[in-house]
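In: fold the following.
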Amino acid sequence: MAGLSENREDSPRQAKLATRAGEGPPPCQWIGAGEFSGPSTFQGYEIVDLLGRGGMGVIYRARQLSLGRNVAIKVMLAGAHASPEELLRFRIEAESVALLCHPNIVQVYEVGEQDGYPFYALEYVEGGSLAEKLMDGPMPAVKAAQLIEKIARAVDAAHQHGIIHRDLKPANILLTADGEPKITDFGLAKRMSDSFDQTRTGTGLGTPSYMAPEQVEAAKGVGPATDIYGLGAILYEALTGHPPFEGPSAINIMARVLSEEPTSPRRLNSVISRDAEVVCLKCLEKDPRRRYPTAAALGDDLLNLARGEPIAARPPGMLGRFDRWARLRPALVATLSILLLFYLAHLALIPLGVRDEGGAFHRFITGALISWALAAVAFQHLFSRTRSAGVLFAWIAFDIVMLTLVICRGDGPRSALIPGYFLLIAGTGLRLRICLVWFATSVCLAGYFSLLLEAYWQRPEFAVDLKEWVITALSMAALGLIQYILLRRVGLIPEREP
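Out: Numbering: from 1, shown residues only. Predicted coordinates for the structure are as follows:
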């Protein structure tokens, strides 16, 4: 395995630039499984094999002839056609690794250029990646703590030099033949002192399953705490065999990173100690201020964990647990809060004589809201277990039906609760699912039109004039369209959802 791993796909533009007629392939262009086009040696290196290919470069295993050792060589595909931003990113990546002299970080041997193609030679690590090792299943907690403690020390060394990795994940942790970890792929690294941000070049922000919330939000607060989150994500996968968040698409995973808490590691692997879970979840806090203050502090706790000594981290108290519970179930908490506020407002209006139906309306509202709340709890439980989109569609449909029934039992189209339809449409946008937005908009319109028909045929005194209901209906449709446009403009929704 090379001293650098690439998981990004080649861009069509770079592929075309590398093979333009008349220019020929770059010196390190691999053509086929056993065929190499171009010189087999350059600047004292003999190309042996292709190791990986990515959006910026291609990586080879080579032999340094002067010292007789294996190295990994990364060559920039775009070469002379690279943009200034691409060249700067490549240079920052090479310089970031070159600045760091640590036994658990791959070392840079040489930076150079061949026929207009920048390259650098790296330490070759032959033991594969941590991602490959974890394919066999979770690691014992003690071994995981020992391994990631070393990685944390290396990350702390990078932070001491003002460098943030920003893409820590098992695939970027290489293992030597005797199991020593080495951090690689500083392609998204950022110097704390630099104003240049590599994410502006159009490259990815990271790997969704291991990205910190502040990375997903593209916040300016990305810093050392971001790498601590990444270390926590690696520890989580080492303990459970799964990353903190998984999903059918990148947008689905990023939505979960922002709005959900990871499943308790002990639920996925019952043999994990409580202290191991506490350390892991502290790294994965949404708020960077609640994570370990430094990677060294995390390393100290991991060392204590490996030795069976008390850790410094403490599980959250009652308020902290409630906060986590609420953040894990935002839709349920919002639903229950709104229902409670509505019921309190209803109780406050009864003494004023707003409703005088001998308690019938009060009994209906009480029963409806209790049923609504119980159903919300059931939907949340089902969704937490299945993560099924079908549950979300059923949940939003039920909410709209219940709202329509409550409005129908009251003043119909003249009810003060009509804005509830707009809240439901707006709330679905937070799910970042375009189909759900259109579904909610359609069902809300159907519910509103059913109220209009009911009032027209059964209770003419609650009917509204043509102008009012047309404006209301068009406003609902417009809100759904606005939700769609906003999600598309921020680049969160693909043309076609999977």
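
In: which parts of stretch 311-322 are buried?
Out: I311, A313 (16 or more other Cβ atoms under 10 Å). For every residue, glycine as well, the C-beta is placed using N, CA and C.

In: tell me the gap between it and the middle of its chain.
Out: Distance of stretch 311-322 from its chain centroid, counting by Cα atoms, centre = their mean, to the nearest Å, is 24 Å.

In: and the contacts of it?
Out: For stretch 311-322, the surrounding residues in contact (Cβ atoms under 8 Å, 6 or more residues apart in numbering) are 274-275, 278-279, 282, 292, 297, 300-301, 304-305, 323-324.

In: the same query, at a cut-off of 10 Å, please.
Out: 145, 273-283, 285, 290-292, 297-298, 300-305, 323-324, 333 (Cβ atoms under 10 Å, 6 or more residues apart in numbering).

In: same thing with stretch 331-348?
Out: Contacts for stretch 331-348 (Cβ under 10 Å, 6+ apart): 259, 322, 325-327, 329, 354-355, 361-362, 365-366, 368-370, 372-373, 375-377, 379-381, 383-384, 392, 395-396, 399, 402, 406, 416-417, 420, 423, 427-428, 430-431.

In: ok, of those, which come out buried?
Out: For the contacts of stretch 331-348, buried by 16+ other Cβ under 10 Å: 259, 329, 361, 365, 368-369, 372-373, 375-376, 379-380, 383, 392, 395-396, 399, 402, 406, 420, 423, 427-428, 430-431.

In: hmm, L369 is touching L405, no?
Out: No: L369 lies out of contact with L405 (Cβ atoms under 10 Å); the separation is 11.1 Å.

In: circling back to that earlier point, cross the contacts of stretch 331-348 against strands and list the overlap.
Out: Residues of those located in strands (DSSP state E): none.

In: in helices, which of these fall?
Out: 259, 322, 325-327, 361-362, 365-366, 368-370, 372-373, 375-377, 379-381, 383-384, 392, 395-396, 399, 402, 406, 420, 423, 427-428 (DSSP state H).

In: just read off the phi/psi values of Q107.
Out: Dihedral angles of Q107 (phi, psi; degrees, to the nearest 10) stand at phi -100, psi 150.

In: Y124 too?
Out: According to degrees, to the nearest 10, Y124 has phi -90, psi 130.

In: what's the local residue count around it?
Out: Neighbours of Y124 under the rule other Cβ atoms under 10 Å: 23.

In: excluding its backbone neighbours, what's nearest it?
Out: N70 (4.3 Å; Cβ to Cβ, 6 or more residues apart in numbering).

In: quick one: that neighbour from D49, how far?
Out: Distance, N70 to D49, by Cβ to Cβ, to the nearest Å: 10 Å.

In: run the chain-centre distance for stretch 365-379.
Out: Centroid separation for stretch 365-379 versus its chain: 32 Å, with Cα atoms, centre = their mean.

In: can you check stretch 209-224 too?
Out: 9 Å.

In: got the CA coordinates for that stretch in PDB?
Out: Extracted in PDB, the C-alpha atoms of stretch 209-224 (Å, rounded to 0.1, in the frame of the first residue of the first chain):
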ATOM      1  CA  SER A 209     -19.400   9.200   7.000                       C
ATOM      2  CA  TYR A 210     -16.400  10.700   8.800                       C
ATOM      3  CA  MET A 211     -17.100  14.400   8.400                       C
ATOM      4  CA  ALA A 212     -17.700  16.700  11.400                       C
ATOM      5  CA  PRO A 213     -20.900  18.800  11.400                       C
ATOM      6  CA  GLU A 214     -18.900  22.000  10.900                       C
ATOM      7  CA  GLN A 215     -17.400  20.500   7.700                       C
ATOM      8  CA  VAL A 216     -20.900  19.600   6.400                       C
ATOM      9  CA  GLU A 217     -22.000  23.200   7.100                       C
ATOM     10  CA  ALA A 218     -18.800  24.500   5.500                       C
ATOM     11  CA  ALA A 219     -18.400  26.600   8.600                       C
ATOM     12  CA  LYS A 220     -15.300  28.800   9.200                       C
ATOM     13  CA  GLY A 221     -14.900  27.200  12.500                       C
ATOM     14  CA  VAL A 222     -13.200  24.100  11.100                       C
ATOM     15  CA  GLY A 223     -10.100  23.600  13.200                       C
ATOM     16  CA  PRO A 224      -8.300  21.000  15.400                       C
END
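
In: shaky segments in this structure?
Out: 1-40, 54-56, 78-83, 85, 193-205, 219-221, 352-358, 432, 489-498 (pLDDT under 70).

In: counting by contacts, list what the host helix or strand of F119 packs against.
Out: Assigned by DSSP states H and E, F119 belongs to strand 117-123. Judged by 3 or more Cβ pairs under 10 Å, 6 or more residues apart in numbering; DSSP states H and E, strand 117-123 is in contact with strand 57-64, strand 69-76, helix 84-99, strand 108-114.

In: ok, now with 6 Å
Out: strand 69-76, strand 108-114 (3 or more Cβ pairs under 6 Å, 6 or more residues apart in numbering; DSSP states H and E).

In: same for the last one, what does it pack against?
Out: Put plainly, it is strand 108-114. Strand 108-114 sits against helix 84-99, strand 117-123, with contacts defined as 3+ Cβ pairs under 6 Å, 6+ apart.

In: mind doing that once more with 10 Å?
Out: strand 45-53, strand 69-76, helix 84-99, strand 117-123.
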